[in-house]
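In: please work out how this folds:
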Amino acid sequence: MKYSMTISVIAAAMLAFASAAGIADNGKGGGAKPGATPQVDRGSDRDRMRDRSRLENPDSAQDQDMDKDRIRDRDRIHADDPMQLADADIYGSELMTAEERNQYRRMLKATKTEKAKEKFQIQHEKKMQKRAEKSGKDLVPPGQGKIYGGELMTVQERNEYREQQRRYDEGEEMQKFQAQHREKMQQRATALGLDIEEAP
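Out: Numbers count the residues shown, from 1 in each chain. Predicted coordinates for the structure are as follows:
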């Protein structure tokens, strides 16, 4: 009697454990069907590989290549439906007409592979950079806001600053870059006898 009761308790415990594991899996995988290929977060995998490579060999060529990839991907949009892109998410949108922005969305949607999307966006960025230089207008990449001391800078200086800023992740390099810029702007403001409007 005790033997069969022990088996029943073990069996119930195993069923409860299997059920809990199944619920946890469904929560993580969004209820994937049995036999379906699991979704892979390639961006997270790439970040983990880059971090591991940086720890093992900070001067490696592979690390430098990954840094270049990160710079390119920093403010590019990888949207499921490019037609839903907000104007602010399009690089150089402030230099484009409404029709040009719509055409950009259509062309991005028409690209079939990630490589083709990347090529299209690089070409678009170069075009917008030339347009900004030619027209003397600010070019604000998605996610970037007001520049500290921007009112004391020329259009070219602001655009160069923004392009440099795109090269840094949040961290020591970014902080150093911003500290050097603040010091330069404070010196300029002092020389001109002006106050700098604090960026939000």
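In: quick one: low-confidence ranges for the chain?
Out: Under the criterion of pLDDT under 70, the regions of the chain flagged as low confidence span 1-79, 199-200.
In: now do the helices in it.
Out: Per DSSP state H, the chain carries helices over the ranges 2-29, 42-56, 61-73, 98-110, 114-135, 155-165, 172-192.
In: and the angle from the shortest one to helix 114-135?
Out: Calculated by axes from the mean of the first three to the mean of the last three C-alpha atoms, to 10 degrees, helix 155-165 forms an angle of 160 degrees with helix 114-135.
In: in terms of secondary structure, what does helix 155-165 contact?
Out: The elements that helix 155-165 packs onto, with contact taken as 3 or more C-beta pairs under 8 Å, 6 or more residues apart in numbering; DSSP states H and E, are helix 114-135, helix 172-192. Where C-beta positions appear, they are placed from N, C-alpha and C, glycine not excepted.
In: list the buried residues in the longest one.
Out: Which is helix 114-135. 117-118, 121, 124-125, 128-129, 132 (16 or more other C-beta atoms under 10 Å).
In: now the angle from it to helix 98-110?
Out: 160 degrees.
In: for helix 114-135, enumerate the helices and strands it packs against.
Out: helix 98-110, helix 155-165.
In: now the shortest one - C-alpha only, PDB.
Out: Once non-C-alpha atoms are left out, helix 155-165 reads as follows in PDB (Å, rounded to 0.1, in the frame of the first residue of the first chain):
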ATOM      1  CA  VAL A 155      25.200  74.000 -39.600                       C
ATOM      2  CA  GLN A 156      28.200  72.100 -40.800                       C
ATOM      3  CA  GLU A 157      29.600  71.700 -37.200                       C
ATOM      4  CA  ARG A 158      26.200  70.500 -36.000                       C
ATOM      5  CA  ASN A 159      25.900  67.900 -38.800                       C
ATOM      6  CA  GLU A 160      29.500  66.800 -38.200                       C
ATOM      7  CA  TYR A 161      28.800  66.400 -34.500                       C
ATOM      8  CA  ARG A 162      25.700  64.300 -35.100                       C
ATOM      9  CA  GLU A 163      27.600  62.000 -37.500                       C
ATOM     10  CA  GLN A 164      30.400  61.600 -34.900                       C
ATOM     11  CA  GLN A 165      27.800  60.900 -32.200                       C
END
